[in-house]
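**Student:** Show me the folded form of this:
(2 chains)
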Amino acid sequence: MNNLAIIETILRNRQRFFIEIRDGVELGRKIRAMLISSIAFFALYGAVMGSTHSLFQALSSAAKLPLLFLATLVVCSPTLYFFNLVFGSNQSLTQNFTLILTAITVTAVLLLSFSPVVLFFLLTTSQYQFFKLLNVGVFTIAGFVGVRFLSQGMRVVSDAGKEGAGGRRNVVRLWILLYAFVGSQMAWTLRPFIGAPGMQFELFRQLGGNFYANVFASIGELLGFFTVR
Amino acid sequence: MSTRVEQILNLLVDEIEERMQKRQRVAVPPPPAPVLQVPLPPRAEKHPLAPPEPEPEPPPMPPGPPHAARFIGRLTLGLLVAVIAINIPFNRHGTTLATAMPDTASLIIRNGLVVKEEDDPEIYVYQNGKFRWISSLDAFEHYGYTWGDVHIVKDGWLDDFEIGAPIHVLLKCPDSPHIYRLENDVKRWIVNIETFEAEGHVWEDVRFVSCEYLRSIPNGETIPPGSGPPPQP
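**Tutor:** Numbering: from 1, shown residues only, chains lettered A, B, ... in the order given. Modelled structure (predicted):
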């Protein structure tokens, strides 16, 4: 299966794609194709984000953004698998992994589609806080659509065992919250992705603070309430 | 001559039209055969032991070329070229398109930020909530700063911030026990260790230079003042 053709299938014929996952059709090839595509798209988006600071930051973000999503996937997928088992699912870990990877691939494609917009703002504005919040917004939209795909896919895939379907739906909802929390903390740990102007390049920034406090601080600075120090 | 050309062109047009017609015939599927509409019997209650109904086949892939995949491929390639292009330096200072926008509006005030006001030669570094003046070029180099680190800000920009103690560099040459503080392009002899410590200096502030260079720097007031003529290194 062509690595990009799988994107076409996910976007245009997701029902068939989910049924194939449920039936375990070519899961290995699907996983490989989705991994390759999503890593490429995340890397490209990361490079666009990091370019606002320096070439090193662009390269660093290109490596760190795929790592962020894949590490979150690895950290979170066992939870979804075991909770699904508890609520009567008969899906394998590979099927769960493929479903989550589908959501991540959709997120990656949407990020790629936002890249020209982000590139435009990179070249036409110097407001670091605005650029940071723009990216937070883009990630939120792309991530939201991605997890909607996961939710839809989970409904199709868990159709085979109807017992406990309601419980499994709730598990997916709660898992999405968990995924968002783990993902945001992972992003905070692996920062910087954009690179603060006036600062030298650094691969990882020292820990301290948290993602949510920083977003609120950025909004405050953008609106002129205070300066982030 | 022109009739010959016209004939060739006519043949070419006929051939193109014929091929296009053929292609359209292939692309348009034949109309479906009429299906006899038979009224369905009322749906019977499913017997609990009846075998499960076969699931409906998933919808087939909509017809047409894989335009999304093709577009994604082109977009990826285009973005890759754009990212490389905006990161190529276009002047000797290493400025790239991506970093060409003035950044004073977006400076993040953090430890290590080096700034200089437009019409003021003095350079300041931000440390622990205060901007500290770097008192000499030697100090600037000693602490590892480069001109690339210096951010030009508007005149008066520093007025909003607290100014801390200046950053000096201490100079010493290998053949002399004396330590001098470089300040406003003159060297000031630090009279003893007690004064050295009282001024808040540490051994990491001391930079070793050649005695010849140290001698070439004019003498200033001693630290503390009035301690007599400073010794030559």
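**Student:** rest of the way, CA atoms for contacts and neighbours
**Tutor:** OK.
**Student:** Could you confirm whether stretch A:130-137 reaches chain B?
**Tutor:** No: contact of stretch A:130-137 with chain B is not found when judged by C-alpha under 8 Å from any C-alpha of the partner chain; the minimum separation is 9.1 Å.
**Student:** next one: that stretch to chain centre, how far?
**Tutor:** Relative to the centre of its chain, stretch A:130-137 is centred 15 Å away, using C-alpha atoms, centre = their mean, to the nearest Å.
**Student:** Now it: buried residues?
**Tutor:** Under the neighbour-count criterion of 16 or more other C-alpha atoms under 10 Å in any protein chain shown, stretch A:130-137 has A:Phe130, A:Phe131, A:Lys132, A:Leu133, A:Asn135 buried.
**Student:** Just send these back as CSV, with distance to B:Trp157, secondary structure and pLDDT too.
**Tutor:** Converted to CSV, these look like this (distance: C-alpha to C-alpha, whole Å; DSSP: H, G, I helix; E, B strand; the rest coil; pLDDT from 0 to 100):
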residue, distance to B:Trp157, secondary structure, pLDDT
A:Phe130, 21, helix, 85
A:Phe131, 23, helix, 87
A:Lys132, 24, helix, 87
A:Leu133, 25, helix, 89
A:Asn135, 29, helix, 92
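**Student:** Any regions of chain B where pLDDT drops low?
**Tutor:** B:1-2, B:24-66, B:93, B:101-107 (pLDDT under 70).
**Student:** Helix or strand with the lowest mean pLDDT in chain A?
**Tutor:** helix A:211-222 (a mean of 76; mean pLDDT, DSSP states H and E).
**Student:** Who are the packing partners of it?
**Tutor:** With contacts taken as 3 or more C-alpha pairs under 8 Å, 6 or more residues apart in numbering or on different chains; DSSP states H and E, helix A:211-222 sits against helix A:128-157, helix A:165-190.
**Student:** Most widely separated two among the buried residues of stretch A:130-137?
**Tutor:** Pairwise distances across the buried residues of stretch A:130-137 peak at 8.6 Å for A:Phe130 and A:Asn135 (criterion: C-alpha to C-alpha).
**Student:** how close does the residue nearest to B:Ile190 when sequence neighbours are not counted get to chain A?
**Tutor:** Nearest residue to B:Ile190, sequence neighbours excluded (C-alpha to C-alpha, 6 or more residues apart in numbering or on different chains): B:Ile223, at 4.9 Å. Distance check for B:Ile223 against chain A: by C-alpha to the nearest C-alpha, to the nearest Å, it reads 35 Å.
**Student:** you'd agree A:Glu8 is up against B:Ala68?
**Tutor:** Yes: the criterion here is C-alpha atoms under 8 Å, and A:Glu8 meets it with B:Ala68 at 5.8 Å.
**Student:** Could you check which of the two is surrounded by more residues?
**Tutor:** Higher neighbour count among A:Glu8 and B:Ala68: A:Glu8, with 19 against 16, using other C-alpha atoms under 10 Å in any protein chain shown.
**Student:** in the strand or helix carrying that one, what counts as buried?
**Tutor:** For A:Glu8, the element it lies in under DSSP states H and E is helix A:5-12. For helix A:5-12, the neighbour count (16+ other C-alpha under 10 Å) marks A:Ala5, A:Ile6, A:Ile7, A:Glu8, A:Thr9, A:Ile10, A:Leu11 as buried.
**Student:** can you pull the alpha-carbon coordinates of it into PDB?
**Tutor:** Listed next in PDB are the C-alpha coordinates belonging to helix A:5-12 (Å, rounded to 0.1, in the frame of the first residue of the first chain):
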ATOM      1  CA  ALA A   5      -2.600   6.400  -0.600                       C
ATOM      2  CA  ILE A   6      -3.400   5.300   2.900                       C
ATOM      3  CA  ILE A   7      -4.200   8.900   3.800                       C
ATOM      4  CA  GLU A   8      -6.600   9.000   0.800                       C
ATOM      5  CA  THR A   9      -8.300   5.900   2.100                       C
ATOM      6  CA  ILE A  10      -8.600   7.300   5.700                       C
ATOM      7  CA  LEU A  11     -10.000  10.600   4.600                       C
ATOM      8  CA  ARG A  12     -12.300   9.500   1.800                       C
END
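**Student:** Packing partners of it?
**Tutor:** Applying 3+ C-alpha pairs under 8 Å, 6+ apart, we find helix A:5-12 packed against helix A:27-50, helix A:93-124, helix B:67-86.
**Student:** B:His151: which of the helices and strands packed on helix A:211-222 is closest?
**Tutor:** Checking these against B:His151 by C-alpha to C-alpha gives helix A:128-157 as the closest, at 14.9 Å.
**Student:** So chain B: which segments form each domain?
**Tutor:** B:107-160, B:169-216 (automatic domain parsing).
**Student:** Dump these to a markdown table, plus mean neighbour count.
**Tutor:** Below are the domains of chain B laid out as a markdown table (neighbours: other C-alpha atoms under 10 Å in any protein chain shown):
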| stretch | mean neighbour count |
| --- | --- |
| domain B:107-160 | 17 |
| domain B:169-216 | 16 |
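**Student:** show me what contacts the most centrally placed residue in chain B?
**Tutor:** Centroid-nearest residue in chain B, with C-alpha atoms, centre = their mean: B:Thr99, separated by 6.6 Å. B:Thr99 is in contact with A:Ser51, A:Thr52, A:His53, A:Ser54, counting by C-alpha atoms under 8 Å, 6 or more residues apart in numbering or on different chains.
**Student:** Show me which of these is closest to B:Asp14.
**Tutor:** Nearest to B:Asp14 among these, with distances taken as C-alpha to C-alpha, is A:Ser51, at 54.4 Å.
**Student:** Share the number of residues neighbouring the closest one, please.
**Tutor:** Using other C-alpha under 10 Å, A:Ser51 is surrounded by 31 other residues.
**Student:** Appreciated, that's everything.
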